[in-house]
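[1] Show me the folded form of this:
(chains A and B)
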Amino acid sequence: QKEVEQNSGPLSVPEGAIASLNCTYSDRGSQSFFWYRQYSGKSPELIMSIYSNGDKEDGRFTAQLNKASQYVSLLIRDSQPSDSATYLCAVRRGQGGKLIFGQGTELSVKP
Amino acid sequence: GAVVSQHPSWVICKSGTSVKIECRSLDFQATTMFWYRQFPKQSLMLMATSNEGSKATYEQGVEKDKFLINHASLTLSTLTVTSAHPEDSSFYICSARDLKGIQYFGAGTRLSVL
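    Numbering: from 1, shown residues only, chains lettered A, B, ... in the order given. Sure, this is the predicted structure:
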């Protein structure tokens, strides 16, 4: 079992729809959770960080964390073609530890 | 967000030569920096963790004599690919961690070894 798992996709949604990206992790000691966006040929950029159970909203993005289920998700409302990218879920045990990345989910938003 | 500068963005070199890649945190101090390698359509592969003033910690399977890492200051880490060969061609990305524990990535360096 991989430490951090994501559906590789591609996930295709129409413009204006909600895109839902999911991630599960195996280490119950994980404390910090991150979503990065990576455009093709570019490096990852941070979208959201979440540390507590529940939802965290930032603009069109909402991160959801459920530690009991070891599940973290990212919702993108009003999806735009510019949101088309690979979304990486990353998990860390403690503040001083290293990030463990999922394999990424490719999102395609169709006009 | 914080800015991490990585240079060069693209380098082509002949087989057998060495290439140095620089990673700088521009607006924050980073006691810890990370070096990743990424192949097309694959996720990031952590190569090593670089701590300021101490030796880097390499991941299993990464040759420390091949990939030399130096973290001489709180804002600069360098990766030197020694005696590069075509199989070293890849996308190398550095990352710096701020005091809040957030990791920011440089723009990456695309290395092509002929």
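
[2] Can you give me the end-to-end span of stretch B:100-114?
    End-to-end span of stretch B:100-114 (CA to CA, to the nearest Å): 41 Å.

[3] average pLDDT across it?
    Across stretch B:100-114, pLDDT averages out at 95.

[4] How about that stretch, which residues are buried there?
    Buried residues in stretch B:100-114, defined by neighbour count with 16 or more other CB atoms under 10 Å in any protein chain shown: B:101-106, B:108-111, B:113. For glycine as for every other residue, the C-beta is placed from the backbone atoms N, C-alpha and C.

[5] helix or strand for the closest residue to A:L11 other than its chain neighbours, which one?
    Setting aside the residues directly before and after it, A:L11 is nearest to A:L107 in space (CB to CB, 6 or more residues apart in numbering or on different chains), at 5.1 Å. Assigning secondary structure by DSSP states H and E places A:L107 in strand A:105-110.

[6] same deal with A:G96?
    Counting by DSSP H and E, A:G96 is held by no secondary-structure element, helix or strand.

[7] so what's it up against?
    Listed by CB atoms under 8 Å, 6 or more residues apart in numbering or on different chains, the contact set of A:G96 reads B:32, B:101.

[8] Give me the helices and strands touching the one helix or strand in chain B whose mean pLDDT sits lowest, please.
    Of all the helices and strands that make up chain B, the one with the lowest confidence by mean pLDDT, DSSP states H and E is strand B:67-73; it has a mean of 91. In terms of contacts (3 or more CB pairs under 8 Å, 6 or more residues apart in numbering or on different chains; DSSP states H and E), strand B:67-73 is packed against strand B:32-38, strand B:45-51, strand B:76-81.

[9] Out of those, flag the one nearest A:S30.
    With CB to CB as the criterion, A:S30 lies closest to strand B:45-51 of the helices and strands packed on strand B:67-73, at 16.2 Å.

[10] The closest one to strand B:32-38, inter-axis angle?
    Taking axes from the mean of the first three to the mean of the last three CA atoms, to 10 degrees, one finds strand B:45-51 and strand B:32-38 inclined to each other by 160 degrees.

[11] can you tell if strand B:45-51 touches chain A?
    Yes: residues of strand B:45-51 are located near chain A by CB under 8 Å from any CB of the partner chain, namely B:46, B:49.

[12] Check which residues of that strand are buried.
    Going through strand B:45-51 with 16+ other CB under 10 Å, the ones that come out buried are B:45-50.

[13] Spell out which residues of chain B are next to chain A.
    Proximity of chain B to chain A (CB under 8 Å from any CB) is limited to residues B:1, B:6, B:32, B:34, B:42-44, B:46, B:49, B:93, B:101-108.
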